[in-house]
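Trainee: Have a look; sequence and predicted model below, questions after that.
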Amino acid sequence: MKCILSLFLGLFLIPLSMAGITEALSQLSSDNYDVRTEGRNELLSLFAEATAPGNEAGELPGMLAEVASATQKDLPIPSRLYLIKTLGLFGTDTSVKPLVLLLDDESPKIRDNAMQAIARIGTDQAVAALVQRLGKAPESERRGLLLALSSSNNETAILTIGRLLHDSDPVLTNLAATALGKMSVEKAIPILLELRNSAPVDQRLVFESALLDIGLNKDIVSDFLQNGSNDSIRVAAYRQLIEMDISAAANFLQSIIGREDAPAHYGFIASAASSNIPQLYKVLTDNIDKLSANDRVLMASAIGDNRASHYEDLLLSFLNDESIDVRLATIDALGWIGTNKSFDAIYAQYLSDKNNDRVRDALTRLNAAAFDQLLIRVLENSGDPIEMIAVVELIALRNTPGTNELISSIATSTDRDPDLRKACLKALETIGNTDSVKLMLGLILAQSDMTRPAQTSLKRLSQNLGNPHKLWLDAYQPALATASSDDQIKDILLILDGVPTQETLDYMLSACAKPQLKQAVLRTLPRWTDYNVALTWLELANSDSSTAEDKATALAGLKRALTHESMKGDIRTKAQVAKQAVLKAKTPEQKLLILNAFKDAGLSNKDKSIVSKEFESLKSDEDVSELLSELIATP
């Protein structure tokens, strides 16, 4: 009895975090993706708690030892990588040795992540381990080691990399230069500059890039502007000049205006224009007549990007430019910064090319409230249908506030021009609301010449509004309840894929029992894009009222619902629906048809894990057990 009591008490002496580590490591060895994910989350939580203020000296050493030991075991590669990253985040000097052992692992990912983890620990001992490894590493490994070292600002790492600048191996010298640039080591500037100046022109890029990463003084910048090894170096140098001396940057910009053949000309212009600095803009605007078409495109785009609204008048002058590229860039920019005075010009461009997306988008964005009010007045007072249709299109394009009621009244007015009414319905597709849905349903129930346009616009509006459940309850279901003829119901059935809810499917299933409505249902269901439609197809396939032809159509629809690329939803949703369908299926053939939707579907191991979990209760079904084993098998 005493021994049993001692054992019982001993269980409570095991630190809870250590027990949690053991459990998390066990989960990481699982073949199930979800279980491994739980293990990763638990491991992170335990380490976060162990390293919280006040807990640093507690159980962390033992936890790190457990994780370090596990990295050497035969775990899935993703799990080992996660453990290595954990050591990089929370490890100490005691974690370095086991990580060094991983530098000889057969997996390149394991080796690379071990290097980064050691560097992230960043202590003198960790850096010394990388330095020691660098001395004997093959060339293929040196790049990774230098990148790892460069992520640490440890003085030993800096000195080691600095010495490699004198190495006889040019590859190693270049890697060292890149690393020092990444580390922003200012004391490396003299030697990097010396190496750059002594190197052939085609070999200077790596040294210039490193120097730019560190940051240049004004003299070196001036040199790079003129003698950089390529345009990207010159432009990067100019951007640094803008930051350190705006006056010098303005003078340089003035010197290259009109010289399109000058190296990096467009890069300099683009940098100045995008800077949004008044002194540089003044140079550009004072020399508009000397700017090329490409220069003006860059400038117009930059004004729009910077929302520099005080240049609206300048942009308006660009609209007369002979270059279409300049005009389009200008229209795009005016869409961002323009006001009422820009509207006429952009609208004229829109009328000349209504299919141009850039012009239409600019017109939509333009901040022109006064013009919006003008549109409303024209729509209220004009008697010209053609003019009114143009105004309605503009209102829809701009989503003009306060126009829904006016447009709705025109759409329902039987004494208005039919084309104008259709234009109003089309406008409501984008600016309409739930009341607009009810309005269009009313037009459908009226069975008039507006029924077909109302069907088209109602489906689009419903899809744009979203929230199909609310639309069904508030609008569609009440409308169907008031329908007095099969023709009215059919015209609504044909667009019910615009409100995809379970209630909608249930209604369509019941409607299919009526021969005069069945064809409308069978025309609509193939357009459904939610996996739940598979269950409706299965119900139809097994319905006593379905003909042999109906059943064949339903089984084809069932297959499509689980395999077609247009279907929306993730693999879990698909598997859940398929499981319900298998449980409701009446024949082995139906079950196999359903599950074959997962065959040759290119499932990843993660997907197979999800499918396996969802199909767990089906594995004992003799009709499908063999196929299931094939579906969820992992390499």
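Mentor: Perfect, thanks for sending it.
Trainee: which one is Ile389 nearest to, not counting chain neighbours?
Mentor: In space, and not counting its chain neighbours, Ile389 is closest to Ala423: 4.5 Å by CB to CB, 6 or more residues apart in numbering. The way it works is simple: take the backbone N, C-alpha and C, and place the C-beta from them, glycine included.
Trainee: Tell me how far that neighbour lies from Pro500.
Mentor: As judged by CB to CB, to the nearest Å, Ala423 and Pro500 stand 28 Å apart.
Trainee: With neighbour numbers in mind, choose between these two.
Mentor: Each of Ala423 and Pro500 has its neighbours counted (other CB atoms under 10 Å); Ala423 has more, 24 against 20.
Trainee: which residues of this protein score low on pLDDT?
Mentor: Flagging of the chain using pLDDT under 70 yields the residue ranges 1-19, 54-58, 153, 632-635.
Trainee: can you count the residues close to Leu473?
Mentor: A count of nearby residues for Leu473, using other CB under 10 Å, gives 14.
Trainee: quick one on the thing from earlier: residues in contact with the residue nearest to Ile389?
Mentor: The contact partners of Ala423, taken as CB atoms under 8 Å, 6 or more residues apart in numbering, are Met388, Ile389, Val392, Glu393.
Trainee: ok, 10 Å please
Mentor: Going by CB atoms under 10 Å, 6 or more residues apart in numbering, Ala423 touches 385, 388-393, 395-396, 407, 410-411, 417, 453.
Trainee: Adding distance to Ala541, write these out as JSON lines.
Mentor: What follows is the contacts of Ala423, written out as JSON lines (distance: CB to CB, whole Å):
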{"residue": "Pro385", "distance to Ala541": "50"}
{"residue": "Met388", "distance to Ala541": "51"}
{"residue": "Ile389", "distance to Ala541": "47"}
{"residue": "Ala390", "distance to Ala541": "51"}
{"residue": "Val391", "distance to Ala541": "51"}
{"residue": "Val392", "distance to Ala541": "46"}
{"residue": "Glu393", "distance to Ala541": "46"}
{"residue": "Ile395", "distance to Ala541": "48"}
{"residue": "Ala396", "distance to Ala541": "43"}
{"residue": "Ile407", "distance to Ala541": "44"}
{"residue": "Ile410", "distance to Ala541": "46"}
{"residue": "Ala411", "distance to Ala541": "41"}
{"residue": "Asp417", "distance to Ala541": "48"}
{"residue": "Pro453", "distance to Ala541": "35"}
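Trainee: Of those, which is the nearest to Leu44?
Mentor: Nearest to Leu44 out of the contacts of Ala423 is Ala396 (CB to CB; 50.2 Å).
Trainee: Please report phi then psi for the most centrally placed residue in the chain.
Mentor: Central residue of the chain (CA atoms, centre = their mean): Asp570, 16.4 Å from the mean position. Dihedral pair for Asp570: phi -90, psi 180, per degrees, to the nearest 10.
Trainee: And Ile277, by the same measure?
Mentor: The phi/psi pair for Ile277 (degrees, to the nearest 10) reads phi -100, psi 120.
Trainee: repeat for Asp530
Mentor: Main-chain torsions, Asp530, degrees, to the nearest 10: phi -100, psi 140.
Trainee: Go ahead and confirm Leu461 touches Thr430.
Mentor: Yes: counting by CB atoms under 10 Å, Leu461 touches Thr430, with 8.0 Å between them.
Trainee: So the two - more neighbours on which side?
Mentor: Legend: neighbour count by other CB under 10 Å for Leu461 and Thr430, higher for Leu461 (25 against 14).
Trainee: helix or strand for that one, which one?
Mentor: According to DSSP states H and E, Leu461 maps onto helix 451-465.
Trainee: How about Pro78?
Mentor: If you go by DSSP H and E, Pro78 is part of helix 77-90.
Trainee: What residues of that helix count as buried?
Mentor: Under the neighbour-count criterion of 16 or more other CB atoms under 10 Å, helix 77-90 has Pro78, Ser79, Arg80, Leu81, Tyr82, Leu83, Ile84, Lys85, Thr86, Leu87, Gly88, Phe90 buried.
Trainee: same question, stretch 225-245
Mentor: 225, 228-229, 233-242.
Trainee: hey, where'd the helices end up in the stretch 351-500 of the chain?
Mentor: Secondary structure of the stretch 351-500 of the chain by DSSP state H, counting those that start in this stretch: the helices cover 357-365, 369-381, 385-398, 404-412, 418-431, 434-445, 451-465, 468-471, 477-482, 486-493.
Trainee: Redo those helices as a markdown table? Include distance to Ser30.
Mentor: Listed next are those as a markdown table, based on distance: least, CB to CB, whole Å:
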| stretch | distance to Ser30 |
| --- | --- |
| helix 357-365 | 50 |
| helix 369-381 | 61 |
| helix 385-398 | 55 |
| helix 404-412 | 56 |
| helix 418-431 | 50 |
| helix 434-445 | 49 |
| helix 451-465 | 42 |
| helix 468-471 | 38 |
| helix 477-482 | 47 |
| helix 486-493 | 48 |
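Trainee: Ok, which of those comes nearest Leu253?
Mentor: Leu253 lies closest to helix 357-365 among the helices of the stretch 351-500 of the chain, at 28.2 Å (CB to CB).
Trainee: and the closest one, what other elements does it pack with?
Mentor: Judged by 3 or more CB pairs under 10 Å, 6 or more residues apart in numbering; DSSP states H and E, helix 357-365 is in contact with helix 324-337, helix 340-352, helix 385-398.
Trainee: when you compare where it runs with where helix 385-398 runs, what's the angle?
Mentor: 80 degrees (axes from the mean of the first three to the mean of the last three CA atoms, to 10 degrees).
Trainee: got the CA positions of helix 357-365 in CSV?
Mentor: Taking Å, rounded to 0.1, in the frame of the first residue of the first chain, the C-alpha atoms of helix 357-365 are listed here in CSV:
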residue,chain,number,x,y,z
ASP,A,357,-11.0,49.6,-68.1
ARG,A,358,-8.6,52.3,-67.1
VAL,A,359,-10.9,55.1,-68.2
ARG,A,360,-13.9,53.5,-66.6
ASP,A,361,-12.1,52.9,-63.3
ALA,A,362,-10.9,56.5,-63.2
LEU,A,363,-14.4,57.8,-63.8
THR,A,364,-15.6,55.6,-60.9
ARG,A,365,-13.0,56.9,-58.5
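Trainee: got the buried residues for that helix?
Mentor: Under the neighbour-count criterion of 16+ other CB under 10 Å, helix 357-365 has Val359, Arg360, Ala362, Leu363, Arg365 buried.
Trainee: got the contact list for that helix?
Mentor: 304, 327-338, 342-343, 346-354, 356, 394, 396-399.
Trainee: of the residues you listed, buried ones?
Mentor: Neighbour-count burial (16+ other CB under 10 Å) applied to the contacts of helix 357-365 gives 304, 327-338, 342-343, 346-347, 349-350, 394, 396-398.
Trainee: Now tabulate the buried residues of stretch 225-245 in CSV and tack on secondary structure.
Mentor: Formatted as CSV, these follow (DSSP: H, G, I helix; E, B strand; the rest coil):
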residue, secondary structure
Leu225, helix
Gly228, coil
Ser229, coil
Ile233, helix
Arg234, helix
Val235, helix
Ala236, helix
Ala237, helix
Tyr238, helix
Arg239, helix
Gln240, helix
Leu241, helix
Ile242, helix
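Trainee: Can you give me the first-to-last residue distance of stretch 584-592?
Mentor: 13 Å (CA to CA, to the nearest Å).
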